[in-house]
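Structure of the sequence below:
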Amino acid sequence: MPNNGAPVVAFFDVDGTLTCRDYNDGLHVVPTPRVQEAVRAFVGAGNVAVVCTGRSILNIEDLLDLPFSGFVTLDGTHVELRGEVVYDRTIERGLFRETVAEMRRVGVEALFEGTYGNVLVRGRAGGLSMFGDQPEPEDYELAGGRIDFGKIDFNDESLDACLGSDLLMSSYTYLNVGEGSHELTIPGTSKGVGGRALLDALGFEPSRVYAFGDSENDLEILDLADVSVVMGNARDVVKERADYVTDDVHDDGVVTALEHFGLI
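Model (predicted):
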């Protein structure tokens with residue numbers, strides 16, 4: 001593989017790629033020791049590692065001890081490089097309020113994720129939320145929280161209500177991210193858009209760009225990369241876009257791929 005003297009850049013998805021929900025409690029994301037060592041070895045060889053996730057920076061604290069230079073978060077709506085924000089998009093506030101009202105009307109439970117805080121819309125009465133103890137929008141705003149959200153999460157129980165809403169389906173891009181989880185994202189944004197913003201801010205042309213992922217919200221970053229690596233646990237629609245299908249996340253597929261391409 002030609003190097004041209006420049007570092008390689010690799011974008012790593014989190015859930016289903018660097019780690020998996022089976023290993024962690026709640027919102028924790030702790031890769032196996034073998035995966036952690038592989039990331040350190042990749043960066044130690046002079047390369048640049050970037051987290052590329054649907055999560056917000058608030059929910060990837062477990063990864064901050066690893067040598068990641070950049071963070072493409074909230075499906076590409078918030079991007080940081082070496083501690084500086086290089087791209088940021090949020091749901092327009094008028095649309096946010098319309099969306100909250102519509103979700104309550106049709107019965108969608110959803111988590112609005114932002115870089116500075118999250119809120120939960122409980123579209124159905126009673127019961128515990130799968131998203132944990134998150135404030136309602138009105139309580140969050142009264143407490144001084146910033147109404148700046150980059151994406152919306154919901155699960156299978158709310159899928160039919162969401163798909164049946166003209167407002168929700170016309171205002172957002174819908175993604176099935178697997179394991180019963182779904183997302184609504186801002187049209188015109190994606191991990192690919194966020195990844196492009198990060199590459200433009202690097203200050204050099206990488207010798208090669210790799211992207212590692214497993215779900216539909218990874219498709220655009222996989223297309224942006226020179227080499228797309230898809231996990232063995234991915235859905236077939238994602239595997240069809242792969243240059244290389246690696247092992248399952250449970251078998252440390254990130255390590256397998258980095259070794260396969262001679263990056264560690």
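
Now do the end-to-end distance for stretch 155-162.
10 Å (C-alpha to C-alpha, to the nearest Å).

buried stuff in it?
Asn155, Ser158, Ala161, Cys162 (16 or more other C-beta atoms under 10 Å). All C-beta atoms are positioned from the backbone trio N, CA, C, and that covers glycine.

Reformat those as JSON lines; add distance to Asp65.
Formatted as JSON lines, the buried residues of stretch 155-162 follow (distance: C-beta to C-beta, whole Å):
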{"residue": "Asn155", "distance to Asp65": "30"}
{"residue": "Ser158", "distance to Asp65": "35"}
{"residue": "Ala161", "distance to Asp65": "40"}
{"residue": "Cys162", "distance to Asp65": "36"}
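
from the residues you listed, which two are the most distant?
Maximum pairwise distance in these, criterion C-beta to C-beta, is 11.4 Å, between Asn155 and Ala161.

Could you pull up the residues touching Tyr23?
Val30, Thr32 (C-beta atoms under 8 Å, 6 or more residues apart in numbering).

same check, this time on Thr246
Thr246 neighbours (C-beta under 8 Å, 6+ apart): Phe212, Val229, Val230, Met231, Gly232, Gly253, Val254, Thr256, Ala257, His260.

Next one: it relative to Thr189, how far apart?
Distance, Thr246 to Thr189, by C-beta to C-beta, to the nearest Å: 27 Å.

Residues touching the stretch of helix or strand Thr99 belongs to, excluding its own?
Element membership of Thr99, judged by DSSP states H and E, is helix 93-106. Outside helix 93-106, the residues within contact range by C-beta under 8 Å, 6+ apart are 91, 108-110, 112, 121, 123, 137, 147, 149, 152, 161-162, 164-165, 167-168, 171.

same thing but at 7 Å, please
Ala110, Val121, Gly123, Pro137, Ile147, Phe149, Ala161, Gly164, Ser165, Leu167, Leu168, Ser171 (C-beta atoms under 7 Å, 6 or more residues apart in numbering).

Hmm, which of those is lowest in pLDDT?
Least confident of these in the model: Gly123, at 75.

quick one: it and Val108 touch, right?
Yes: here Gly123 lies in contact with Val108, judged by C-beta atoms under 7 Å, at a distance of 4.3 Å.

out of the two, which sits in the more crowded spot?
Val108 (28 against 20; other C-beta atoms under 10 Å).

check contacts around the residue nearest to Gly232 when sequence neighbours are not counted.
Nearest residue to Gly232, sequence neighbours excluded (C-beta to C-beta, 6 or more residues apart in numbering): Asp248, at 4.0 Å. Going by C-beta under 7 Å, 6+ apart, Asp248 touches Met231, Gly232, Asn233.

for Lys239, same thing?
Val230, Val245.

now do Gly194
Val72, Gly76, Thr77, Val79, Tyr87.

element containing it, please.
Judged by DSSP H and E, Gly194 forms part of helix 191-201.

List the buried residues for stretch 177-193?
177-178, 181-186, 189-193.

Export those residues as JSON lines, with columns for distance to Leu18 and pLDDT.
JSON lines is the format used below for the buried residues of stretch 177-193 (distance: C-beta to C-beta, whole Å; pLDDT from 0 to 100):
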{"residue": "Val177", "distance to Leu18": "15", "pLDDT": "87"}
{"residue": "Gly178", "distance to Leu18": "15", "pLDDT": "81"}
{"residue": "Ser181", "distance to Leu18": "16", "pLDDT": "90"}
{"residue": "His182", "distance to Leu18": "21", "pLDDT": "95"}
{"residue": "Glu183", "distance to Leu18": "18", "pLDDT": "95"}
{"residue": "Leu184", "distance to Leu18": "24", "pLDDT": "97"}
{"residue": "Thr185", "distance to Leu18": "21", "pLDDT": "96"}
{"residue": "Ile186", "distance to Leu18": "24", "pLDDT": "97"}
{"residue": "Thr189", "distance to Leu18": "22", "pLDDT": "96"}
{"residue": "Ser190", "distance to Leu18": "19", "pLDDT": "97"}
{"residue": "Lys191", "distance to Leu18": "14", "pLDDT": "98"}
{"residue": "Gly192", "distance to Leu18": "19", "pLDDT": "98"}
{"residue": "Val193", "distance to Leu18": "21", "pLDDT": "98"}
